[in-house]
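Engineer: Okay, structure incoming, though there's no sequence with it:
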């Protein structure tokens, strides 16, 4: 009889463990399915200024819209000097300004403000005509 009681106790223990496994397995499956059904969330980063640093902590690229009429992306050299600036104004004119190592402006390139040119009319075609006099 002692072995029957031990067998019965072990069977009850296995059945309890089986029930727990079913409950936790069902919850895990429900959480996994909820993850697939959940809507995707789009993260948005907002701010007035974004600054990217190199491995030494020096500012290399900055996007600035703080107290400025014309937001710009600015590029700095490894020494911290401004070497380039990319901006677009309210009229949609984009400009790229390049500076040398001393900070002197070396050139500005603009896109979007090209002057309107008149298109050349197509040349008149001569019609071939043959006349015969008698």
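Structural biologist: Good, I have the coordinates. Here the structure is a predicted model, which is why all the values come from computation and not from measurement. Residues are numbered from 1 along each chain as shown.
Engineer: Doesn't residue 83 lie inside a helix?
Structural biologist: No - counting by DSSP: H, G, I helix; E, B strand; the rest coil, residue 83 is not part of a helix but strand.
Engineer: show me what contacts it?
Structural biologist: 75-77, 98-101 (Cβ atoms under 8 Å, 6 or more residues apart in numbering). Just so you know, the C-beta spots here come from the backbone N, C-alpha and C atoms, and that holds for glycine as well.
Engineer: Need these in JSON lines (columns: distance to residue 29).
Structural biologist: Formatted as JSON lines, the contacts of residue 83 follow (distance: Cβ to Cβ, whole Å):
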{"residue": "75", "distance to residue 29": "51"}
{"residue": "76", "distance to residue 29": "53"}
{"residue": "77", "distance to residue 29": "56"}
{"residue": "98", "distance to residue 29": "59"}
{"residue": "99", "distance to residue 29": "60"}
{"residue": "100", "distance to residue 29": "64"}
{"residue": "101", "distance to residue 29": "62"}
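Engineer: Just send these back as CSV, with neighbour count and secondary structure too.
Structural biologist: Shown next, in CSV, are these (neighbours: other Cβ atoms under 10 Å; DSSP: H, G, I helix; E, B strand; the rest coil):
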residue, neighbour count, secondary structure
75, 17, strand
76, 19, strand
77, 15, coil
98, 14, strand
99, 19, strand
100, 12, coil
101, 9, coil
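Engineer: Which of those residues sits closest to residue 60?
Structural biologist: residue 76 (5.5 Å; Cβ to Cβ).
Engineer: That closest one and residue 53: what is the separation?
Structural biologist: For residue 76, the distance to residue 53 (Cβ to Cβ, to the nearest Å) stands at 10 Å.
Engineer: Quickly list what's touching both of the two.
Structural biologist: Joint contacts of residue 76 and residue 53 (Cβ under 8 Å, 6+ apart) are 59-60.
Engineer: quick check, residue 60 in a strand?
Structural biologist: Yes - according to three-state DSSP, residue 60 belongs to a strand.
Engineer: That one and residue 74 touch, don't they?
Structural biologist: No - with contact defined as Cβ atoms under 8 Å, residue 60 does not count as touching residue 74 (9.6 Å).
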